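S.K.: Okay, predicted coordinates and the sequence, questions at the end:
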Amino acid sequence: MLSLELQGNIKMFKAILYKEWLKVRWAYIAMLLVSLLVLVYIWMTVSKQIEFNEAKTMWSVIIFRKYKFFSDLQYIPLVIGFIVGIAQYAPEALQSRLKLTLHLPVKENKILIQMLFAGFVLIGLLFLFIEIFLTIITGIYFPSEIVSDMLTTIYPWILSGFAVYFAIGSIFVEPVWSRRITLIITSIALISILFTTGDFTFSALLLLTIVTFIIPFWTILTGYNFKRGIK
Amino acid sequence: MENVVEVKNLTHYYGKKLVYENLNFSIKKGSIFGLLGKNGTGKTTTINILNGFLKPASGQCLMFGEDSYKLSPETKARVGFLIEGHIQYDFMNIVQIEKFYSQFYPKWKKEPYWELMSKLKVTQGQRISKMSCGQRSQVALGLLLAQDPDLLILDDYSMGLDAGYRRLFIDYLSEYAKAEGKTIFITSHIIQDLENFLDDCVIIDYNSVLLTMPVKEFQKNFRQFNFTTQEAHLNLEKDDLVRNFENIKGHCVIYTFASESEVSEYLTQKGIAFTNLKLESMSLEDAFIGITGKY
């Protein structure tokens, strides 16, 4: 049996998830379609290349020349995080609608984190779909080493989607423009690192993951500024 | 009687600009309290401080005994808040928004909400953003009534509403106020609608608090005296007796808490030759303009 408090928390989170879904659903569906189109395009391209070249030739090009047949996907997670973030947070920032949310009978930090978590779950599902689709395409034509390499390569791209989404959350909640600009510059710098060429080591990826998942806590600080009424 | 809201020595600045200094008032449980003032005098600032969206420069605001800046979820559930301009989640329709809010409030009563919605000429799938200002105000009011809060805070409920919607709003609020122990804190710049509705009020002006008292006492004791004088440019400075003064080509008006004999004696002492000193009756709006001035 779940405790009453936990049941209440689940009920409220479901309500927040419902609200966030209503805001982002059209942007989300559009992003799903764009992702699907890019994935189908990649599939068709790989399939044609395999048809015109021998599979072995393709493998060697991928292994020795570091050819990324899925490179069209590089900025898709970033775009998804950006568009979903804007769709979710712009309506809150406009006309101080965030006051409605912060007046709900839930602790302010908790509700801000719940909002971010709702978006994280939604874009996370989209990224999972992309990864599974791409894994299947790659697995059809290539050995598991190439599948594994592909997943490692797209990992920073996926992180960029989460990073931009979390950053947008904190930027829209922040009431002071000068601080918003600082957050924008910091976010751009951080996200640029994720697109640097060359392979990341495991520890570099771990560090980037930690840094990305620290960004949601910016929202606590910007939420505090919003609540203090700093202008 | 128990105080639902207590504001003690509240002072606030925007940058170096003083909004007001030492604002004090308390709101009794079961009363209807009006915060009245012209545009830009700090009504919304006070509401924001009360709801914990602004930290005051100094002073204290207590709501149900809690510091308003650190309200617990339980206390927030007891407070219904109408944001200036009837702001709501306008990407939702009336079904979605009721479903959303009902998850947060233990005392949720959907009947008053749907009763109000049945009066609106809107479809259930119509987004709130596509509704008129009056219709949006009714959605916001319906949600507040469904929340069944112990304290309703309404920031300029009349903004953008025509006379019909304003009357409807007040009618519903009056019904709500009849329930035992329900308290209303309201701000508005349309004072005429609040006549016979408010119990107590505080009137604020730019940088200052003009008065805090029961409305009946204010209407009973605040007076307007007209007189005529040959001194076309006569000007009386505000003091303990003269709360406001107007002179249009020798036709003068004094707003005061003093009696007719006190005013007559005052003018005589000042050496002002006057005739036709006469007490004029005032509505609440007249009295409000009298004490705050027209400009």
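M.R.: Received, thanks. Residues are numbered from 1 along each chain as shown, chains lettered A, B, ... in the order given.

S.K.: and whichever residue of chain A sits closest to chain B, how many neighbours?
M.R.: Shortest chain A-to-chain B distance, computed as Cβ to the nearest Cβ: residue-wise this is residue A:229, at 3.3 Å. No exception for glycine: its C-beta is placed from N, CA and C like everyone else's. When neighbours are counted by other Cβ atoms under 10 Å in any protein chain shown, residue A:229 registers 18.

S.K.: again with residue A:107
M.R.: Other residues near residue A:107 come to 15 when the count uses other Cβ under 10 Å.

S.K.: and the closest residue to it other than its chain neighbours, what does it touch?
M.R.: For residue A:107, the nearest residue in space outside its immediate sequence neighbours is residue B:73; the separation is 6.2 Å by Cβ to Cβ, 6 or more residues apart in numbering or on different chains. Contacts for residue B:73 were tallied using Cβ atoms under 8 Å, 6 or more residues apart in numbering or on different chains; they are A:105-107.

S.K.: Buried residues in the strand or helix carrying residue B:95, which are they?
M.R.: In this structure, residue B:95 is located in helix B:94-102 according to DSSP states H and E. Along helix B:94-102, the positions that meet the burial threshold by neighbour count (16 or more other Cβ atoms under 10 Å in any protein chain shown) are B:94, B:96-98, B:100-102.

S.K.: check the residues you listed against chain A, which are close?
M.R.: On the criterion Cβ under 8 Å from any Cβ of the partner chain, B:96, B:100 are the entries of these that sit beside chain A.

S.K.: I'd like to know which of the buried residues of helix B:94-102 is nearest to residue B:45.
M.R.: Proximity of the buried residues of helix B:94-102 to residue B:45, judged by Cβ to Cβ, is greatest for residue B:101, which lies at 26.3 Å.

S.K.: didn't that closest one look like it was pressed against residue B:147?
M.R.: Yes - with the criterion set as Cβ atoms under 8 Å, residue B:101 and residue B:147 qualify as a contacting pair; they are 7.0 Å apart.

S.K.: remind me which residues of chain A are low pLDDT?
M.R.: Counting by pLDDT under 70, chain A has low-confidence residues at A:1-2, A:198, A:230-231.

S.K.: what do you get if the cut-off is 90, keeping everything else the same?
M.R.: Low-confidence segments of chain A, defined by pLDDT under 90, are located at A:1-10, A:48-69, A:92-97, A:141-143, A:145-146, A:149, A:175-176, A:195-202, A:216-231.

S.K.: Can you pull the residues of it lying near chain B?
M.R.: Within chain A, the positions near chain B by Cβ under 8 Å from any Cβ are A:11-12, A:14-15, A:18-19, A:22-23, A:91, A:95-97, A:99-100, A:102-107, A:226-229, A:231.

S.K.: Check those for burial and list the buried ones.
M.R.: Neighbour-count burial (16+ other Cβ under 10 Å) applied to the residues of chain A next to chain B gives A:12, A:15, A:19, A:22-23, A:91, A:96-97, A:99-100, A:102-106, A:226-227, A:229.

S.K.: which residues does the residue of the stretch 101-250 of chain B found nearest chain A contact?
M.R.: Of the residues in the stretch 101-250 of chain B, the one nearest chain A is residue B:103, at a distance of 3.7 Å by Cβ to the nearest Cβ. Contacts here follow Cβ under 8 Å, 6+ apart; on that basis residue B:103 touches A:11-12, A:14-15.

S.K.: Model confidence for it, exactly?
M.R.: Looking at residue B:103, its pLDDT is 94.

S.K.: Tell me the spacing between it and residue B:116.
M.R.: To residue B:116, residue B:103 is 20 Å away according to Cβ to Cβ, to the nearest Å.

S.K.: all helices of the stretch 51-200 of chain B, in order?
M.R.: With helices called from DSSP state H, counting those that start in this stretch, the stretch 51-200 of chain B shows them at B:73-77, B:94-102, B:110-119, B:133-147, B:163-178.

S.K.: what residues does the third one touch?
M.R.: This points to helix B:110-119. Contacts to helix B:110-119, defined as Cβ under 8 Å, 6+ apart, come from residues B:94, B:98, B:102, B:138-139, B:141-143, B:145-146, B:172.

S.K.: now, the most widely separated pair of the residues you listed?
M.R.: Taking Cβ to Cβ, the two most distant members of these are B:102 and B:172; they sit 19.2 Å apart.

S.K.: need the residues of the stretch 101-250 of chain B near chain A, please.
M.R.: When proximity is defined by Cβ under 8 Å from any Cβ, the stretch 101-250 of chain B lies next to chain A at B:103-105.

S.K.: Recalculate using a threshold of 6 Å.
M.R.: Residues of the stretch 101-250 of chain B lying close to chain A by Cβ under 6 Å from any Cβ of the partner chain are B:103-104.

S.K.: quick one: the strands in the stretch 101-250 of chain B?
M.R.: B:151-155, B:183-188, B:200-205, B:208-214, B:223-229, B:244-248 (DSSP state E, counting those that start in this stretch).
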